[in-house]
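Visitor: Sequence and predicted model, in that order:
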Amino acid sequence: MRTLFYLSESQLERIKPFFPPRVDDRCVVSGIIYVIKHGLQWQDAPDEYGPHKTLYNRFVRWSKFGVFNKIFIELANKTPFDGSLMIDSTHLKAHRTAASLLKKGIPPRLIERTKGGLNSKLHIVCDGHGRPVLLLLTEGQASDYKGVAILQHLLPDNSTFLADGGYDATWLRESLKARGMTVCMPPRKTGNEVFPFDNTLYKQRHLIENVFSRLKDWRRIATRYDRCAHTFFSAICLAVTVIFYLN
């Protein structure tokens, strides 16, 4: 038998202040979670959650207001920082419904063609407990350098930073060390310089790999169906919130 509600009353109370007044229906929020997690079309949402148009309209409206982004940021900021950070990225395949009528314009769709087809790219910074603390969505062709160049300014000083060799760049090392950060990052195999790094500490990077594995269990995250980038990013923020902050 399927559990109707994805959130308990206590979990809903933690995010309730971010929703518009009088919106406290656990059923609607649970229905939105169900659709995103199981990769359904909105019209295929179980009847127990109410009219599918209500689920869709509220999700789109809340996405435009940045509700799910604010929830993620608030809960992440309230979580005690353990001093360790790690970064990585992954491609999220764009379904034809997301990529149809693809045009350059404003706002950007954040979908580009790679060797694997049309994709978006998700950059994540997580802490030493494997909880995402920063998220960035870019087009699929964006390099890891572009992601870390944007996110590095949001990293706290005097922390430990872990990354794989794909992020190895002199400018990044110098920028982070200037802020008192310990950098644990293997040098590129094709690089001319050799930098020492703590291999034991580096093994903690499996935590961010686990983040991507758990996040891609949500089917509307692993495959992008949303045309609008902000709507898709809202789905990501909601998934991250439920998986890592409302457990």
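Guide: Nice, I can see it.

Visitor: give the contact list for the closest residue to residue 210 other than its chain neighbours.
Guide: Using C-beta to C-beta, 6 or more residues apart in numbering and skipping residues adjacent in sequence, the residue nearest residue 210 is residue 130, 5.6 Å away. No exception for glycine: its C-beta is placed from N, CA and C like everyone else's. Applying C-beta atoms under 8 Å, 6 or more residues apart in numbering, we find residue 130 in contact with 207, 208, 210, 211, 244.

Visitor: Give me the ChimeraX select line for the residues you listed, limited to the buried ones.
Guide: The ChimeraX command for the buried members of these (criterion: 16 or more other C-beta atoms under 10 Å) is given here:
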select :207,208,211,244
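
Visitor: correct me, but residue 54 touches residue 29?
Guide: No. Checked against C-beta atoms under 8 Å, the pair residue 54 and residue 29 is beyond contact range at 11.5 Å.

Visitor: Those two: who's more crowded?
Guide: Shown here are residue 54 and residue 29; by other C-beta atoms under 10 Å, residue 29 has more neighbours (26 against 17).

Visitor: ok, and what's touching stretch 149-165?
Guide: 81, 83-88, 123, 125, 128, 134, 136, 148, 172, 175-176, 179-189, 201-202, 204-205.

Visitor: Mark which of those are buried, thanks.
Guide: Those of these that meet the buried threshold are 84-88, 123, 125, 128, 134, 136, 148, 172, 175-176, 181-186, 202, 204-205, by 16+ other C-beta under 10 Å.

Visitor: Among these, which are located in strands?
Guide: Assigned to strands by DSSP state E, the following of the buried ones among the contacts of stretch 149-165 qualify: 84, 85, 86, 87, 88, 123, 125, 134, 136, 182, 183, 184.

Visitor: The first one pairs with what?
Guide: For residue 84, the beta-bridge assignment (DSSP bridges) gives partners residue 160.

Visitor: What's the per-residue pLDDT of it here?
Guide: On the pLDDT scale, residue 84 is placed at 95.

Visitor: Quick one: residues contacting it.
Guide: 127, 128, 159, 160, 162, 204.

Visitor: Check those against residue 95 and report the nearest one.
Guide: residue 127 (31.3 Å; C-beta to C-beta).

Visitor: Name the SS class of residue 220, please.
Guide: Using DSSP: H, G, I helix; E, B strand; the rest coil, the structure places residue 220 in helix.

Visitor: pretty sure it is touching residue 34, no?
Guide: No. Residue 220 is beyond contact range of residue 34, at 10.5 Å (criterion: C-beta under 8 Å).

Visitor: which residues do these two both contact?
Guide: Residues touching both residue 220 and residue 34 (C-beta under 8 Å, 6+ apart) are residue 40.

Visitor: show me the contacts for residue 221.
Guide: Residue 221 neighbours (C-beta under 8 Å, 6+ apart): 36, 92, 215, 235, 236, 239.

Visitor: and after the helix or strand where the first one lies, which helix or strand comes next?
Guide: Mapping residue 36 onto the secondary structure by DSSP states H and E places it in helix 26-38. Using DSSP H and E, the helix or strand that follows helix 26-38 towards the C-terminus is helix 52-64.
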